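Asker: With the sequence up front, the predicted model follows.
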Amino acid sequence: MKSAMPTHLIAAAIAVIAVAAPAATQGQDPRRLVTPDSVPFDLAAALIGAGGFSGAPQILVGSMPEWVANRLYVPSGARVLGSAFLGTTVVGVVSIPAASDSVLAELKRELMQRGWTSPPPPPIYAGGGFRSAPAPVVDGPFARLILCGDEQTLTASAARRAGIVTDITFRVTAGGTYVCHPSQGQATASRSSLPTLFNPVAADARMAGNCFSPFQGSMGTSATLRTSMTSEALLDHYGRQLEDSGWTTAGEKASIVGRSWTRPDSAGGSAEATITVATPARDSGCRELNLQVRTQRRP
C-alpha cells in the first residue's frame, strides 16, 4: 500500500511544474503537461502519485478539471498553480499572495454556498462511563477543513511558503470517508446501565500523559456495614491495622473524595451512582476516577 505524501510536498511538486512550464495566459486553453519540459514528467507524476493516487495521474498546469472547478472557490487575487487527477480524485493547488490567517474560514463560507456541507456529528455510541470531551467548536483561524458533498469528500489545507505566499491545497475524493459517513454500528448496540460522562476539555483522558499507573495488576474486595461510626472513624480503625502490618499512610499526598446521586428507575425502584476521585500519592496532578452504579434489589 502506498503511503500518503504530505500535502505541502504535493503543493511543492505542482509549484515546481508551474514554474518550469509557464501557465496559460488569459484567453488560451490550459495546457496539459504531456511532454517533459525542464522537469521530467515521470518524476512529477511519481511525486504527485505518492499523494494517494492508485496510478499515474494526469497533470494540468494553471487549471483544474472543469467538472470540479465550478465546485471550488479561488479567492480574489489568487492563482491556480495546477492540479493532478485520476478518475474522480483531484489534487489542486491555489497560490494566494499575502493571505490572512482567516483564509480557510472564507473558503468554507464560499464552498458551502457551492453545495458542500459540514461533516455530520459523530455517532453517540451505546454504553456509558467516562468519555473523551467532545471536540470544541473552533471559531478562530484554522489550517485545515473537511467538507462533504454528494458521495465526495473535500479537504483543504493552507501552508505558508517563503513567508509571503500561502498555498491552498484542495483534495477531492469520491465515496465519502468515515468523517462524512460515520458508522452507526455500535450506536444501535444495547445501552449500558452506566450513565455517559464526558471529561472536562482541560482534563481529558487523551492528555493523561504520564498519569498512567506504574503498578502492575490490582486486587480488591468490598464489604457493607451497618454502624454509627463516621467515615473518618472507620478509616482510623482500619488504618491502625494497616500500619501495624507495615503500611504507611500517604498523608496529604493522596486523597479520595466521593459523591452519590440517586434516581428512580422505570421498574419503580431506584438506582444510585457514586463517583470517587482519587489523587494518587505518586503525582498530585493526576486524578483517578471511578464510577459505580447500583440498582435497588427488588423485593
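Answerer: Nice, I can see it.
Asker: Every contact and neighbour count from this point should use C-alpha atoms.
Answerer: Fine.
Asker: Give the next helix or strand downstream of the stretch of helix or strand Ser157 belongs to.
Answerer: Using DSSP states H and E, Ser157 falls within strand 152-161. Counting by DSSP H and E, the element after strand 152-161 in chain order, helix or strand, is strand 165-174.
Asker: returning to what we had before: parallel or antiparallel, list what pairs with the strand holding Ser157.
Answerer: Applying DSSP bridges, strand 152-161 is found paired with strand 144-149 (antiparallel), strand 165-174 (antiparallel).
Asker: what's next to the shortest one, contact-wise?
Answerer: Put plainly, it is strand 144-149. 104, 108, 115-119, 153-158, 176, 180 (Cα atoms under 8 Å, 6 or more residues apart in numbering).
Asker: What subset of the residues you listed is buried?
Answerer: 104, 108, 116-117, 119, 153-154, 156-158, 176, 180 (16 or more other Cα atoms under 10 Å).
Asker: quick one: which of the residues you listed is nearest His237?
Answerer: Pro119 (57.2 Å; Cα to Cα).
Asker: Let me know the secondary structure of that closest one.
Answerer: coil (DSSP: H, G, I helix; E, B strand; the rest coil).
Asker: ok, it touching Val179?
Answerer: Yes - look at Pro119 against Val179 with Cα atoms under 8 Å: they come within range, at 6.3 Å.
Asker: What degree of burial does Thr89 show, as a neighbour count?
Answerer: Using other Cα atoms under 10 Å, Thr89 has 19 neighbouring residues.
Asker: Which residue, other than its chain neighbours, is closest to it?
Answerer: In this structure, Thr89 finds its nearest non-sequential neighbour in Thr173, 4.6 Å apart by Cα to Cα, 6 or more residues apart in numbering.
Asker: The one you found reaches Gly87, doesn't it?
Answerer: No - using Cα under 8 Å, Thr173 is not in contact with Gly87, being 9.4 Å away.
Asker: neighbour count winner among the two?
Answerer: Between Thr173 and Gly87, counted using other Cα under 10 Å, the more crowded position is Thr173 (21 against 12).
Asker: Please list all residues in contact with the more buried one.
Answerer: Taking Cα under 8 Å, 6+ apart as the criterion, Thr173 is in contact with 88-90, 152-154.
Asker: same thing with Thr295?
Answerer: Here Thr295 is in contact with 269-272 (Cα under 8 Å, 6+ apart).
Asker: where in the stretch 101-250 of the chain is pLDDT low?
Answerer: Applying pLDDT under 70 to the stretch 101-250 of the chain picks out residues 122-127, 133-143, 176-177, 183-192, 201-210, 212-216.
Asker: So which residues of this protein form strands?
Answerer: 31-32, 58-61, 79-86, 89-97, 129-131, 144-149, 152-161, 165-174, 196-198, 255-264, 270-279, 288-295 (DSSP state E).
Asker: and the last one, which residues are buried?
Answerer: To tie it back to what came earlier, the one meant is strand 288-295. Leu291.
Asker: quick one: Trp261 and Thr274 touch, right?
Answerer: Yes - using Cα under 8 Å, Trp261 is in contact with Thr274, at 6.5 Å.
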